[in-house]
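1. Next input, structure requested:
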Amino acid sequence: MTDTTLTTAMPAAALRQRLPPEALRRRQFFALGWTYLVIIGVATVMLGTFLVAFVASLKVDPLERPFRLAFDQVNPLAWVAAADLGRQGAGDPWWGGFAPGGRIVFSATYTAAPGTEIVPPDASVPRRRPGSGVAAALTKYYAIDYALLTETGSADGEMSVTDPATGASEIWPTRTFTYEIAFDPAKAEGGPWIERTPLDLSAPTGQQLVASTLNPTRFERRGRVASWDNITPGALGLVFNNYRRVITETADLQTGNSLFAGWMWNSLLIAVGRVAMTLVVASLAGYALARLKFHGAALIFGLVLFSMTIPAQVTFISNYLIFRDLGLLNTPWAVITVLVVGSHVLLMKQFFETFPKEIEEAAMVDGASRLGILTRIVLPNAMPAVIVNAIMAFQAAWNDFFWPLVLITSPPSALTVQVGLLSLRRSYGGAQGDWGLVLAGAFVSIIPVLVLFILFQRYIVSNQVSEGVK
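-> Alright, predicted model coming up:
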């Protein structure tokens with residue numbers, strides 16, 4: 001039998017023993033390298049998906065095809081132009097607007113085939129309502145009622161155009177038209193601040209828009225009409241327009257308050273209440289199951305484990321009837337109390353079982369009660385487990401969709417943010433196609449969880465119980 005055959009048939013452990021230390025280290029290094037590459041690849045894919053979704057939330061049309069990564073909201077030159085237009089319109093380079101004293105200078109450059117006369121496009125400030133539904137109903141002021149639009153001049157030029165079929169270059173004429181939109185001085189005294197200044201430029205067929213102070217929001221009528229939803233957005237208003245709309249356009253018709261801000265507040269109250277109740281119940285139940293010896297302790301622990309295997313959809317009818325009889329429907333208390341046991345009790349029980357009994361026995365000798373031992377000795381040393389439990393309870397309560405959907409149905413201001421996102425999808429998605437606002441709402445809703453993870457990630461990643469004992 002040859003050495004090659006012996007090496008092939010030899011077990012891996014024996015082969016590693018025969019390898020020189022340098023070769024073994026190289027193999028371990030390459031194995032570790034491949035592991036890191038796989039982890040980095042998975043993280044890149046997941047983070048890339050997250051970043052693409054965030055970029056899409058900045059767009060006017062996140063569903064555009066093909067999907068572009070270069071557009072005004074991520075273009076620093078567009079930020080500068082938007083800041084200047086916002087300053088001209090309302091003196092605010094960040095959020096822009098149109099206010100008394102505003103005087104906006106806006107230019108648009110058109111081109112046409114050689115020999116074709118370039119005529120001034122029809123310019124108008126349309127009566128365009130922001131968004132739909134509630135936002136349209138709450139809109140009181142429109143720029144058209146206060147704007148004076150005039151054409152202040154034009155300048156001729158030329159540009160090089162390449163024929164895509166032949167690759168030949170040709171010189172086409174251009175003409176840049178300049179417009180001034182001023183706030184009517186007769187209405188300036190006591191005049192309102194208007195969030196949007198829309199503009200439409202309608203050119204004849206064959207005349208194309210090639211440049212403008214700010215790129216148009218969309219083209220209509222087969223490209224003849226260049227339409228801007230707002231030519232005075234300000235830098236932040238341009239980039240985060242969808243995020244601003246989530247707050248301003250989701251308003252209560254009766255009070256005028258932002259529904260989305262109310263949904264966030266409701267979710268925060270429910271999450272904090274769930275965390276407080278979970279920590280109290282889980283700490284008391286976990287300590288009792290870990291330290292107190294009584295008949296039925298094993299049965300109770302088994303029931304706790306069994307309850308973790310039952311889907312919420314199985315028990316929601318009985319829970320719904322109980323909360324109805326208690327008069328807790330459409331109140332935060334129903335959602336707070338519906339889920340406070342299960343894995344949280346198990347986590348605290350497992351920690352208490354690892355806590356040294358000698359410390360508790362010494363406290364008993366000194367005359368401490370069971371409750372005093374729990375509150376003064378055990379829980380202060382159980383902070384890692386308590387914090388992990390709190391984070392898990394907060395995240396579960398914040399992301400909970402099923403129970404708020406079942407137990408809180410009215411009024412609209414009482415909804416949680418997760419159920420509110422469903423309302424946004426129905427109102428702005430679908431037929432409206434305003435998915436940018438829906439995406440922005442989804443990203444705003446994850447901010448508390450991200451902040452929580454950033455602040456307490458060391459407790460999530462590490463479960464060093466010994467640190468708590470020290």
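
2. how far out from the middle of the chain is the helix or strand where G48 lies?
-> For G48, the element it lies in under DSSP states H and E is helix 21-58. The chain centroid and the centroid of helix 21-58 are separated by 25 Å under Cα atoms, centre = their mean, to the nearest Å.

3. going on from that helix, what's the next piece of helix or strand?
-> helix 76-90.

4. what does that following helix rub up against?
-> Contacts to helix 76-90, defined as Cβ atoms under 8 Å, 6 or more residues apart in numbering, come from residues 72, 92-99, 102-106, 193, 197, 213-215, 231-235, 237-239. No exception for glycine: its C-beta is placed from N, CA and C like everyone else's.

5. May I see the buried residues of the helix or strand just after it?
-> Later in the chain than helix 76-90, the nearest helix or strand by DSSP H and E is strand 103-111. For strand 103-111, the neighbour count (16 or more other Cβ atoms under 10 Å) marks 104, 106-111 as buried.

6. again with stretch 173-188
-> Buried positions in stretch 173-188, judged by neighbour count with 16+ other Cβ under 10 Å: 173-177, 179, 181-183.

7. would you put the C-alpha positions of that stretch in PDB?
-> Provided in PDB are the C-alpha atoms of stretch 173-188 (Å, rounded to 0.1, in the frame of the first residue of the first chain):
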ATOM      1  CA  PRO A 173     -30.200  75.200 -30.200                       C
ATOM      2  CA  THR A 174     -31.300  75.800 -26.600                       C
ATOM      3  CA  ARG A 175     -33.200  78.600 -24.900                       C
ATOM      4  CA  THR A 176     -33.300  79.300 -21.100                       C
ATOM      5  CA  PHE A 177     -36.400  80.900 -19.700                       C
ATOM      6  CA  THR A 178     -36.300  82.700 -16.400                       C
ATOM      7  CA  TYR A 179     -39.400  83.100 -14.200                       C
ATOM      8  CA  GLU A 180     -40.100  85.100 -11.100                       C
ATOM      9  CA  ILE A 181     -42.700  84.000  -8.600                       C
ATOM     10  CA  ALA A 182     -43.500  86.600  -6.000                       C
ATOM     11  CA  PHE A 183     -45.800  86.700  -3.000                       C
ATOM     12  CA  ASP A 184     -48.600  89.100  -3.800                       C
ATOM     13  CA  PRO A 185     -47.800  92.400  -1.900                       C
ATOM     14  CA  ALA A 186     -51.500  93.200  -1.600                       C
ATOM     15  CA  LYS A 187     -51.900  90.000   0.400                       C
ATOM     16  CA  ALA A 188     -48.600  90.000   2.200                       C
END
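
8. hey, where'd the strands end up in the protein?
-> Along the chain, counting by DSSP state E, strands occupy 103-111, 122-124, 147-162, 169-183, 199-202, 208-212, 218-220, 225-228.

9. would you turn these into TSV with mean pLDDT and distance to I373?
-> TSV is the format used below for the strands of the chain (pLDDT from 0 to 100; distance: least, Cβ to Cβ, whole Å):
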stretch	mean pLDDT	distance to I373
strand 103-111	96	72
strand 122-124	95	78
strand 147-162	92	74
strand 169-183	94	72
strand 199-202	96	72
strand 208-212	94	74
strand 218-220	90	68
strand 225-228	95	69
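
10. and V42, which of the ones you listed is closest to it?
-> Of all the strands of the chain, it is strand 218-220 that lies closest to V42, at 37.6 Å by Cβ to Cβ.

11. that older thread, tell me which other helices or strands the helix holding G48 touches.
-> helix 241-248, helix 435-445 (3 or more Cβ pairs under 8 Å, 6 or more residues apart in numbering; DSSP states H and E).

12. Nearest to V281 among the ones you listed would be which one?
-> When those are compared by Cβ to Cβ, helix 435-445 sits nearest V281, at 26.9 Å.

13. what is the orientation angle of the closest one with helix 241-248?
-> Counting by axes from the mean of the first three to the mean of the last three Cα atoms, to 10 degrees, helix 435-445 points 70 degrees away from the direction of helix 241-248.

14. Quick check: mean pLDDT of helix 435-445?
-> On average, the pLDDT along helix 435-445 is 91.

15. elements contacting it?
-> helix 21-58, helix 241-248, helix 259-291, helix 417-428.

16. Apply 7 Å and report the result again.
-> helix 21-58, helix 241-248, helix 417-428 (3 or more Cβ pairs under 7 Å, 6 or more residues apart in numbering; DSSP states H and E).

17. Give me the residues contacting stretch 421-428.
-> The contact list for stretch 421-428, computed with Cβ atoms under 7 Å, 6 or more residues apart in numbering, reads 132-133, 250, 415, 434, 437-438, 441-442, 445.

18. between these, which is nearest W265?
-> The nearest one, if we look at these relative to W265 and count by Cβ to Cβ, is L415, at 11.0 Å.

19. doesn't I408 make contact with the closest one?
-> Yes: the criterion here is Cβ atoms under 7 Å, and L415 meets it with I408 at 6.2 Å.

20. between those two, which one's more packed in?
-> When neighbours are counted by other Cβ atoms under 10 Å, L415 and I408 differ, and L415 comes out ahead with 24 against 20.

21. how about low-confidence regions in the stretch 351-470 of the chain?
-> 431-432, 459-470 (pLDDT under 70).

22. again, only using 90
-> For the stretch 351-470 of the chain, the stretches with pLDDT under 90 are 351-393, 396, 402, 409-413, 423-438, 449-470.

23. Which parts of it are helices?
-> For the stretch 351-470 of the chain, the helices defined by DSSP state H, counting those that start in this stretch cover 357-365, 370-373, 379-381, 383-399, 402-407, 417-428, 435-445, 447-461, 465-469.

24. now the ones you listed as JSON lines including mean neighbour count and distance to M46?
-> Listed next are those as JSON lines, based on neighbours: other Cβ atoms under 10 Å; distance: least, Cβ to Cβ, whole Å:
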{"stretch": "helix 357-365", "mean neighbour count": "12", "distance to M46": "43"}
{"stretch": "helix 370-373", "mean neighbour count": "15", "distance to M46": "44"}
{"stretch": "helix 379-381", "mean neighbour count": "15", "distance to M46": "36"}
{"stretch": "helix 383-399", "mean neighbour count": "20", "distance to M46": "17"}
{"stretch": "helix 402-407", "mean neighbour count": "20", "distance to M46": "25"}
{"stretch": "helix 417-428", "mean neighbour count": "20", "distance to M46": "21"}
{"stretch": "helix 435-445", "mean neighbour count": "22", "distance to M46": "16"}
{"stretch": "helix 447-461", "mean neighbour count": "13", "distance to M46": "14"}
{"stretch": "helix 465-469", "mean neighbour count": "14", "distance to M46": "30"}
